[in-house]
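Q: Sequence first, then the predicted structure:
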Amino acid sequence: MADQSVHMKQFEEAKTLHNKGVDGDKKAVIKANEMLLKLCEAEPENALFEAYFGSTLVLLGRDAVKILEKADKAQEGLDVLNRAVSLDPNHKEIRLLRGNICLRLPESFFHCSETAIEDFTFLLDHYKVNSNYLTPKQIQEVLRNLSAAYQNAGKPDEANLVLQRLDQFGN
C-alpha cells in the first residue's frame, strides 16, 4: 500500500511535467515519459498512468525531428491511449486526454477524429446523467472540441449543430 502512495506522488510530479510538455517544454516531456514508463511497469493495470504515458509518447512524436519518428511515436502513443481506455472506459480524465490528442493529430494521416467524437460524446452523455460530471468550462471546451472533431471528420452539419448547443449553453 505504501508503494501506491509513493506511485501517486510520482504520478503527480510526472503529470506536472507532462502539462509543461503540452505547453512546449521538450525536456519536461522526456522526463515525464521516463517517469511514466517506470510507473506503468510498476502498475501495469493502472489506466491513468497508461493514458499519460501514451500522451507523452505523442508529445515525443510532436517534438521529433524525423518525420517517421514523429509518426511512429504518435501512433505508439495512440495505441497506449486506446489500451488505457479499454482498461477503464468510464474514466473522465482518460477520455478527455485521448479526445484532445485525437482532435489535434492530422486526420489525413491518423484518422482518429471519430475517436475524438466518441470520447467527447461519451463525456457529454455522462454530463446529461450527472450535471456535476463536468464543470461549465469543461462543457464549453468539450462542445468546441466536438464541433472541431466533426469538422475534421468531414461532417460540417454535425459540427454546426454542436456549435448551436454551445451558443445555447452560453458561450
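A: Arrived safely, thanks for sending.

Q: pLDDT weak spots in this protein?
A: The chain contains residues with pLDDT under 70 at 1-2, 170-171.

Q: Contacts only, for the residue nearest the centre of it.
A: In the chain, the C-alpha closest to the average C-alpha coordinate belongs to Leu97, at a distance of 1.7 Å (C-alpha atoms, centre = their mean). By C-beta atoms under 8 Å, 6 or more residues apart in numbering, the contact set of Leu97 is 51-52, 54-55, 81. For the C-beta atoms, the positions are set from N, CA and C on the backbone; glycine is no exception.

Q: got TSV for the residues you listed, with neighbour count and distance to Lys66 too?
A: Shown next, in TSV, are the contacts of Leu97 (neighbours: other C-beta atoms under 10 Å; distance: C-beta to C-beta, whole Å):
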residue	neighbour count	distance to Lys66
Ala51	28	26
Tyr52	29	24
Gly54	26	20
Ser55	29	20
Leu81	29	22
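
Q: Farthest-apart pair in those, please.
A: Spanning the widest gap among the contacts of Leu97 are Tyr52 and Leu81, at 9.4 Å by C-beta to C-beta.

Q: Who are the packing partners of whichever strand or helix holds Ile139?
A: Using DSSP states H and E, Ile139 falls within helix 136-152. Under the contact criterion of 3 or more C-beta pairs under 8 Å, 6 or more residues apart in numbering; DSSP states H and E, helix 136-152 touches helix 92-104, helix 113-129, helix 156-169.

Q: Count residues in the vicinity of Pro136, would you?
A: Close neighbours of Pro136, defined as other C-beta atoms under 10 Å, add up to 9.

Q: Kindly report the same for Asn145.
A: Using other C-beta under 10 Å, Asn145 has 22 neighbouring residues.

Q: contacting residues around it?
A: Asn145 neighbours (C-beta under 8 Å, 6+ apart): 99-100, 103, 116, 120.

Q: how close does it sit to Phe49?
A: 24 Å (C-beta to C-beta, to the nearest Å).

Q: Leaving out chain neighbours, which residue sits closest to Ala64?
A: Lys70 (4.6 Å; C-beta to C-beta, 6 or more residues apart in numbering).

Q: Look up phi and psi at the one you found.
A: phi -60, psi -50 (degrees, to the nearest 10).

Q: same deal with Pro44?
A: Residue torsions, per degrees, to the nearest 10, at Pro44 are phi -60, psi -20.
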